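Enquirer: Give me a model of this one.
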Amino acid sequence: MDAELKKRIDIIVGLSRLAGGMLIPIGCLLIFFFVQAVLDPNAVIEVNGISTNDKSMKISAVLFTCLFPIIGLFLAFAPSKLMDKLTAKIITRLS
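Expert: The predicted structure is shown next:
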């Protein structure tokens, strides 16, 4: 691995870890608010531009927002060897 590729990998891995660190609290806040909406039968959420208070839509919103902290945890705490390997593959395919 040459120095230029290693530098690019370090930058992308660092930015990925920063993004993962940001996804964790943002996702947890979204989950908190959507869980409150699920528990309140009068709460209205907007799905595809349509306001609805359907419980199944609220539950699917909670399940979807659960992906954000999960992805954030992976990006923030994945082993360095794995992140380096994945990033190197992506960089070489895009180059």
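Enquirer: Count the neighbours of the closest residue to R17 other than its chain neighbours for me.
Expert: Once flanking residues are discounted, R17 sits nearest to A76: 5.5 Å by CB to CB, 6 or more residues apart in numbering. Bear in mind the C-beta positions are built from the backbone N, C-alpha and C, glycine included. Using other CB atoms under 10 Å, A76 has 17 other residues around it.
Enquirer: What of A19?
Expert: Number of residues near A19 (other CB under 10 Å) recorded here: 13.
Enquirer: Distance check, it against D2.
Expert: 26 Å (CB to CB, to the nearest Å).
Enquirer: per-residue pLDDT, the residue nearest to R17?
Expert: For A76, the model assigns a pLDDT of 94.
Enquirer: what's near enough to touch I70?
Expert: Contact partners of I70, counting by CB atoms under 8 Å, 6 or more residues apart in numbering, are G27.
Enquirer: do N53 as well
Expert: For N53, the contacting residues are 41-45, by CB under 8 Å, 6+ apart.
Enquirer: hang on, the earlier thing: secondary structure element holding the residue nearest to R17?
Expert: helix 67-77 (DSSP states H and E).
Enquirer: need the next SSE after that helix, C-terminal direction.
Expert: Next helix or strand after helix 67-77 toward the C-terminus (DSSP H and E): helix 80-94.
Enquirer: need the contact list for N48.
Expert: Per CB under 8 Å, 6+ apart, neighbours of N48: none.
Enquirer: still on that earlier bit, how far out from the middle of the chain is the helix holding A76?
Expert: In terms of CA atoms, centre = their mean, to the nearest Å, the centre of helix 67-77 is set 6 Å apart from its chain centre.
Enquirer: now swap in stretch 13-32 and tell me
Expert: Distance of stretch 13-32 from its chain centroid, counting by CA atoms, centre = their mean, is 6 Å.
Enquirer: now do stretch 49-58
Expert: 23 Å.
Enquirer: Repeat that for stretch 52-60.
Expert: The chain centroid and the centroid of stretch 52-60 are separated by 21 Å under CA atoms, centre = their mean.
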